[in-house]
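**Student:** okay, sequence plus prediction incoming.
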Amino acid sequence: MGGRRGCIAVSTMVKALVVLVAMGFSCADRLNNSAAAADDYLLVEEDTHLDGGFSSLDGMLQWAIGHSDPAKLKETTLNVQRLSPEELKQRQMEIKELEKLQMPSDAKLMTVAINDLNNLSLPLEDRRRALQELLVLVEPIENANDLHKLGGLTAVIKELNNPNAEIRIISAWILGKAGQNNPFVQNQILELGVLAKLMEMAHSDFVEEATKSLYAISALIRNYPEGQDLFYMEAGDLMLQKILSNSSVDIRLHRKCVFLLSDLVEFQLDGTSNRELPFLRNQHLLKSVVGLLLSPDLDLQEKALYAVKNLLMLRSSDALVFKDVCELDLALSRMRQQLQQLILEDKFNDYAIDVENLRREVELIFRGKLDMVIPALT
C-alpha cells in the first residue's frame with residue numbers, strides 16, 4: 001500500500017513540477033495569448049484536479065495558465081524574458097529530464113486502487129483510501145467508461161455490503177458519479193443488479209448513507225428509460241412513499257425524493273411514451289407529496305410544488321384524486337396563507353413571492369383539470 005501512495009504522490013509532484021517549470025519557460029512564447037487563455041480556462045469546472053486525467057503536459061500547462069493570476073503571470077513572463085540564452089537552454093534541459101520520468105496513467109492508478117479493494121487482507125483505512133482515489137479518478141468520462149473493463153464496478157459494488165458505513169457511503173457515491181449522464185456506464189452498473197441494494201440502503205438509519213444512495217439511484221436512472229423501467233419494477237414508488245410519509249426522517253431525504261419524483265415525471269412529459277406511471281396509482285404517495293406543501297422549509301415546499309405541477313400535467317392524472325384523497329385545494333389555500341404571512345413580515349420576501357407565483361400556477365392547472373372532470377360527472 002505504501003508503494004501505491006508513493007506512486008500517486010510522485011505522479012502528482014512530477015505533474016506539478018512540470019507545470020511550474022514549463023510555465024516559466026513557455027510564458028515568453030505565450031505572452032500575447034495569456035489573457036485569452038486565462039479567460040477560456042476559467043470556465044473549467046471547479047472540481048477539476050491535477051490527477052483527474054490530463055491528456056498531455058500541454059494540457060496541464062493550459063490549465064495552470066487559466067488558473068493563474070494574469071498580473072503574476074505577466075510578471076513571471078517578464079522575468080523569463082530577462083534570462084540569458086544559456087539559462088533558457090538550461091530550463092529546456094530541465095523540462096526534458098522531467099518529461100523522461102514516467103507518470104502513471106489514470107488507468108494504472110485505477111488498477112492499483114481496484115487491486116487494493118480486491119485484497120481481502122487490506123486494512124479498513126487503506127480500503128477507504130482506495131475508494132476515495134477512485135471517487136476522484138472516475139470524474140472524467142473516459143475513466144468512468146474504463147472502470148468496468150478494469151474490474152472496478154464489481155469491486156466497488158461488493159463494498160456496498162461492507163459492515164463499515166463510511167465504506168458503503170463512498171462506494172454508492174462512486175457508482176453515482178461514474179453513471180451520471182453516462183448511459184454506457186448506467187447500463188453496465190444496472191446490469192450488475194445493484195439497484196435493489198441501493199434502494200435498500202436509501203432506508204438506512206445513517207443519513208449520509210441514505211442520501212448518497214438516493215444520489216446514486218437518481219444518477220443511474222435519470223434520462224435513462226431502461227433504468228427507470230427497472231426502478232418501477234423494483235417498486236420505486238413504494239420506496240419514495242415510505243421516505244416521504246415519514247416525518248421524522250432528515251429533510252434532505254425528502255428533498256432528494258421529491259426531486260427524483262419530479263424529474264421522472266418531467267422525463268415522461270418530455271417523451272413520447274403513453275405508459276401510465278405507477279406514481280399515479282399510488283394514492284398514498286401522492287398524498288405524501290401534497291402534504292409537503294405545508295412544510296416549514298421553503299425549498300422543500302418549492303420542490304413539492306414542482307412535483308405536483310408535473311403530476312397534474314400528465315394526461316392520465318386524476319384531478320379528483322388530488323381533490324378528494326390528497327385535499328390539494330386545502331393544501332394550496334393554507335400554503336397561500338403561509339406565504340402571504342411571510343411576505344407581510346418581509347421574511348424571505350423575494351423567495352416567498354416566487355413560490356407564491358408557482359403556487360398560483362399550480363392552482364390554475366388544478367382548477368383547469370377539475371373543470372374538465374366535474375361537468376362530465378353531472
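**Tutor:** Looks like it came in fine.
**Student:** where along the stretch 151-300 of the chain do the helices fall?
**Tutor:** All helices of the stretch 151-300 of the chain, identified by DSSP state H, counting those that start in this stretch, fall at 152-158, 165-179, 183-191, 195-201, 207-221, 225-233, 236-244, 251-270, 283-291, 298-313.
**Student:** any chance of those helices in TSV, with distance to E133 and mean pLDDT too?
**Tutor:** Heads up, the C-betas are built off the backbone N, CA and C, glycines and all. Output for these, formatted as TSV (distance: least, CB to CB, whole Å; pLDDT from 0 to 100):
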stretch	distance to E133	mean pLDDT
helix 152-158	11	97
helix 165-179	10	97
helix 183-191	18	97
helix 195-201	22	97
helix 207-221	17	97
helix 225-233	27	94
helix 236-244	31	95
helix 251-270	26	93
helix 283-291	39	96
helix 298-313	33	94
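**Student:** dump those helices to a markdown table, plus distance to D371.
**Tutor:** Compiled in a markdown table, the helices of the stretch 151-300 of the chain are given as follows (distance: least, CB to CB, whole Å):
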| stretch | distance to D371 |
| --- | --- |
| helix 152-158 | 51 |
| helix 165-179 | 42 |
| helix 183-191 | 41 |
| helix 195-201 | 39 |
| helix 207-221 | 35 |
| helix 225-233 | 31 |
| helix 236-244 | 28 |
| helix 251-270 | 21 |
| helix 283-291 | 19 |
| helix 298-313 | 13 |
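**Student:** what is the burial count for the closest residue to F279 other than its chain neighbours?
**Tutor:** Computed as CB to CB, 6 or more residues apart in numbering, the closest residue to F279 that is not its neighbour in sequence is D237, at 5.3 Å. For D237, the tally of surrounding residues (other CB atoms under 10 Å) stands at 21.
**Student:** over to S84?
**Tutor:** Neighbours of S84 (other CB under 10 Å): 8.
**Student:** mind checking how far it is from D263?
**Tutor:** Separation of S84 from D263 (CB to CB, to the nearest Å): 62 Å.
**Student:** over to F322?
**Tutor:** 20 Å.
**Student:** comparing those two, which shows the higher neighbour count?
**Tutor:** F322 (24 against 18).
**Student:** I figured that one hits L286, correct?
**Tutor:** Yes: here F322 reaches L286: they are 6.9 Å apart, a contact under CB atoms under 8 Å.
**Student:** count of neighbours near the residue nearest to L124 when sequence neighbours are not counted?
**Tutor:** Sequence neighbours aside, N164 is the residue nearest to L124 in space, at 6.1 Å (criterion: CB to CB, 6+ apart). Residues near N164, counting by other CB under 10 Å, number 12.
**Student:** what distance separates the longest helix belonging to the chain from the middle of the whole chain?
**Tutor:** Counting by DSSP state H, the longest helix found in the chain is helix 349-377. What separates the centre of helix 349-377 from the centre of its chain is 31 Å, taken as CA atoms, centre = their mean, to the nearest Å.
**Student:** so which bits of that helix are buried?
**Tutor:** Buried positions in helix 349-377, judged by neighbour count with 16 or more other CB atoms under 10 Å: A352, V355, E356, L358, R359, V362, E363, I365, F366, K369, L370.
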